[in-house]
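> compute the structure for the input listed below.
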Amino acid sequence: MAVLKGFPIRPCSSRLFVAALIAALAFAACDNGTNDNGSNNFAAHSHDWGHWTVAALATMSAEGKERRVCKFDSSHVEERTGRGF
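You can find the predicted model right below:
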């Protein structure tokens with residue numbers, strides 16, 4: 001068990017800290033306030049995702065694909081694959 005200035009650090013508290021850190025990063029702003037050419041002509045924002053839409057139906061031999069687009073910046077796209085759509 002590690003000790004930090006007299007306070008024991010239990011393995012479960014370390015895992016909880018890592019989980020909280022990952023959750024915090026997941027809700028951080030989606031960009032650094034610059035566009036592709038490096039200029040600062042738009043403000044950083046958090047994602048506000050639209051609904052998932054089917055981009056490709058699943059078949060017997062291939063997974064399907066769904067995608068959603070950020071309502072603030074359509075260049076921010078999230079995709080997922082699977083057999084359930």
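
> for the chain, give me the ranges with low pLDDT.
Segments of the chain classed as low confidence (criterion: pLDDT under 70) are 1-17, 19-45, 85.

> checking the closest residue in space to His51 that isn't next to it in sequence next. Helix, strand or coil?
Closest residue in space to His51, ignoring its immediate chain neighbours: Arg68 at 6.4 Å, by CB to CB, 6 or more residues apart in numbering. All C-beta spots, glycine's among them, are computed from the backbone N, C-alpha and C. When the structure is reduced to helix, strand and coil (DSSP: H, G, I helix; E, B strand; the rest coil), Arg68 reads as strand.

> could you list every residue that touches Arg68?
When contacts are counted by CB atoms under 8 Å, 6 or more residues apart in numbering, Arg68 is found next to Trp49, Gly50, His51, Trp52, Thr53, Val77, Glu78.

> which among these end up buried?
Not one of the contacts of Arg68 meets the buried threshold, by 16 or more other CB atoms under 10 Å.

> could you find the closest non-adjacent residue to Glu78?
Looking at Glu78 with CB to CB, 6+ apart, the closest residue is Arg68, at 5.4 Å.

> count the residues that sit near Glu66.
In terms of burial, Glu66 registers 17 neighbours under the definition other CB atoms under 10 Å.
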